[in-house]
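J.: attaching a predicted model along with its sequence, questions to come.
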Amino acid sequence: MFDLADSGSEFEACVILRRGCEGSLGLSLARPGELTCGVRRADGKMERLDFRFGPKDAGVTQRSETDQQCPPLSPEATAAKIEAYANTGSSGDGIFDDRVDLTLKAFDAAFDWIYNSKVPKNLSSGPSEEE
């Protein structure tokens, strides 16, 4: 994916999420997500940073995969949670709030590197050992 962003596009920057929640940009509360960031240099190639970011990094409660499953919600109910969180910082659902906090903090770390060249501190770097 990174190679495609680097040599197959004119993107100035990219953030790629692996090991997140299936079908979303959200991170799992059960394990760290893996982020790959790229910033296009003056020579046209992308500089790359890989890091893992998990519940411990965001200061939220780690939960097993089964503990973070929620019953199917209607689009209206999901929108209401998002609106409540956006307005107050809480949806009233602790698991939802932790997942949003985790995801926002992970992408904040990625964008801080892209825009400010700040390498995230106290994070594991590189892809997981499983790859």
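T.: Happy to help now that I have it.
J.: which parts of the chain are strands?
T.: Across the chain, reading from the start of the chain, the strands by DSSP state E fall at 13-18, 33-40, 46-53.
J.: now render those as CSV, adding mean pLDDT and distance to Ser7.
T.: To be clear about C-beta, it is placed using only N, CA and C from the backbone, and glycine gets the same treatment. Putting the strands of the chain into CSV (pLDDT from 0 to 100; distance: least, Cβ to Cβ, whole Å) gives the following:
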stretch, mean pLDDT, distance to Ser7
strand 13-18, 93, 12
strand 33-40, 94, 11
strand 46-53, 93, 9
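J.: could I get those as TSV with distance to Glu83 and mean neighbour count?
T.: Shown next, in TSV, are the strands of the chain (distance: least, Cβ to Cβ, whole Å; neighbours: other Cβ atoms under 10 Å):
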stretch	distance to Glu83	mean neighbour count
strand 13-18	24	17
strand 33-40	25	21
strand 46-53	26	19
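J.: how about those in TSV, adding distance to Asp98?
T.: As requested, those are arranged in TSV below (distance: least, Cβ to Cβ, whole Å):
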stretch	distance to Asp98
strand 13-18	17
strand 33-40	14
strand 46-53	14
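J.: of these, which approaches Ala79 most closely?
T.: strand 13-18 (22.7 Å; Cβ to Cβ).
J.: by contact count, what packs against the closest one?
T.: helix 2-7, strand 33-40, helix 94-116 (3 or more Cβ pairs under 8 Å, 6 or more residues apart in numbering; DSSP states H and E).
J.: off-centre distance for it?
T.: Strand 13-18 sits 9 Å away from the centroid of its parent chain (Cα atoms, centre = their mean, to the nearest Å).
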